[in-house]
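Q: show me the folded form of this:
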Amino acid sequence: MNKEQNKIVRNISLVLAPIFFITGITQESFLYGFVIPSLLITIFLYLKKSTFNEEIRNAKILNQTMDISEIKKSINAKEGHLILGPALITMRELAYDSDRGIGLYEEELKDRLIYDCLVEIEKTLFEEDKIKSVRLKIIDLMLNCAEMEVLIMKPPTMHKLLSGELGGKIIEILKVSDSMKKIFNSEFSTTISFEELKSEITNRYFQYHFYVSAFNTVRISLKDFDRDLKKDWFRPCYISFCIWQEDNIRSALSMPKLIDNQLKAIVFSSWLSVANENPIDLREAFEAKWNNVFNEPSPFFDLGL
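A: Below is the predicted model:
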């Protein structure tokens, strides 16, 4: 499937999922309300993830041909930019003021990673609706970051529906998860050791976290945030994806579920479709959707996360 076909299928999936979901709720149909939306969301996320990973690979290939002095010059030129400047400060803090994660990389690799991220931010800001574009990009990044974090998370976790117990099962997860096989290559399931896989997952988590943090600074620069953490959408959205990713892994391993209603797992993953509807207040729109479906406040209602 080429890039244009990928985009068409993704857009169709994103449009149809909420339609079937609402129809299923109205008609009390398990097929329309659960099975079909789940399939459509899975298709969308799978294709979107492959597209994002391809974009990152292409950006890395591009900057590997550039001289490091040119990369440094390009980075420094962004220092006074209204939006890119604060994002650059965030990235430098993570890269140079930390003794873990990206902070452990060699200096040239740090600069190339910063350059990659700045290129991605600039591409996102070219869109006419910058707030929506940045929201959707953050959500893309969150999906990848959450998938890695639930595999290295330890108790106590940030939510009761996150166990912190999946880290010891990463070899088993790699064998049953198509998503993980795609990320780490299928041959890893028989050749990679536990410690090697854990190290690779941790490394990828820090890279995704680096991108999420930079784009979150862009979000704040665009005023798409609320100083009242009981109203801001960033943390509830990310925690929702962590919950959804753990639920998927538990299903793949036939482990006991932490979510008592499978329909709730779908709604936890629905931030993407809600964001695509472009509400002014993303958290308010998500919480309204939860309340409409379950006739109860969302798990994040009135919580300052």
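Q: would you map the helices across the stretch 151-300 of the chain?
A: Assignment of helices within the stretch 151-300 of the chain using DSSP state H, counting those that start in this stretch yields the ranges 170-176, 178-184, 188-191, 194-221, 234-252, 262-268, 271-276, 282-294.
Q: least reliable of those going by mean pLDDT?
A: Of all the helices of the stretch 151-300 of the chain, helix 188-191 carries the lowest average pLDDT, namely a mean of 62.
Q: still on that earlier bit, ok, which of the helices of the stretch 151-300 of the chain comes nearest E107?
A: Closest to E107 of those, according to Cβ to Cβ: helix 194-221, at 15.1 Å. Every residue, glycine included, has its C-beta placed from N, CA and C.
Q: distance of the closest residue to E122 other than its chain neighbours relative to S221?
A: In space, and not counting its chain neighbours, E122 is closest to L84: 7.2 Å by Cβ to Cβ, 6 or more residues apart in numbering. Distance from L84 to S221, counting by Cβ to Cβ, to the nearest Å: 9 Å.
Q: isn't L151 up against I201?
A: Yes: counting by Cβ atoms under 8 Å, L151 does reach I201; the two are 5.1 Å apart.
Q: overlap in contacts, the two.
A: Counting by Cβ atoms under 8 Å, 6 or more residues apart in numbering, the contacts common to L151 and I201 are I170.
Q: quick one: contacts for F301?
A: By Cβ under 8 Å, 6+ apart, the neighbours of F301 are E287.
Q: the helices of the stretch 151-300 of the chain: which one's closest to E108?
A: Comparing these by Cβ to Cβ, helix 194-221 comes nearest, at 15.7 Å.
Q: possible to save the helices of the stretch 151-300 of the chain as JSON lines with mean neighbour count and distance to D129?
A: Formatted as JSON lines, those follow (neighbours: other Cβ atoms under 10 Å; distance: least, Cβ to Cβ, whole Å):
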{"stretch": "helix 170-176", "mean neighbour count": "18", "distance to D129": "37"}
{"stretch": "helix 178-184", "mean neighbour count": "17", "distance to D129": "29"}
{"stretch": "helix 188-191", "mean neighbour count": "13", "distance to D129": "39"}
{"stretch": "helix 194-221", "mean neighbour count": "19", "distance to D129": "13"}
{"stretch": "helix 234-252", "mean neighbour count": "22", "distance to D129": "18"}
{"stretch": "helix 262-268", "mean neighbour count": "20", "distance to D129": "25"}
{"stretch": "helix 271-276", "mean neighbour count": "22", "distance to D129": "11"}
{"stretch": "helix 282-294", "mean neighbour count": "18", "distance to D129": "13"}
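Q: okay, these in a markdown table with distance to A146 next?
A: Listed next are these as a markdown table, based on distance: least, Cβ to Cβ, whole Å:
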| stretch | distance to A146 |
| --- | --- |
| helix 170-176 | 14 |
| helix 178-184 | 12 |
| helix 188-191 | 21 |
| helix 194-221 | 9 |
| helix 234-252 | 4 |
| helix 262-268 | 11 |
| helix 271-276 | 11 |
| helix 282-294 | 16 |
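Q: quick one: the closest residue in space to L229 that isn't next to it in sequence from K230, how far?
A: Using Cβ to Cβ, 6+ apart and skipping residues adjacent in sequence, the residue nearest L229 is G304, 3.7 Å away. G304 is 5 Å from K230, where distance means Cβ to Cβ.
Q: what sits closest to P256 if chain neighbours are left out?
A: For P256, ignoring the flanking residues on the chain, the nearest one in space by Cβ to Cβ, 6+ apart is R250 at 7.2 Å.
Q: ok, now which ones touch the one you found?
A: Taking Cβ under 8 Å, 6+ apart, we find R250 in contact with P256, K257, L258.
Q: grab the nearest non-local neighbour of the last one.
A: By the measure of Cβ to Cβ, 6+ apart, the closest residue to L258 outside its immediate chain neighbours is L161, 4.8 Å from it.
Q: next, the contact list for the one you found, please.
A: For L161, the contacting residues are I243, E246, D247, L258, I259, P299, by Cβ under 8 Å, 6+ apart.
Q: what about the residue nearest to E122, neighbour count?
A: L84 sits with 22 neighbouring residues when counted by other Cβ atoms under 10 Å.
Q: that one is in contact with I121, isn't it?
A: Yes: with contact defined as Cβ under 8 Å, L84 reaches I121; the gap is 6.3 Å.
Q: circling back: ok, the residue nearest to L258 to I239 distance?
A: Taking Cβ to Cβ, one finds L161 at 9 Å from I239.
Q: ok, D232 - contacts?
A: Listed by Cβ under 8 Å, 6+ apart, the contact partners of D232 are F225, D226, R283.
Q: confidence score at it?
A: pLDDT at D232 comes out at 95.
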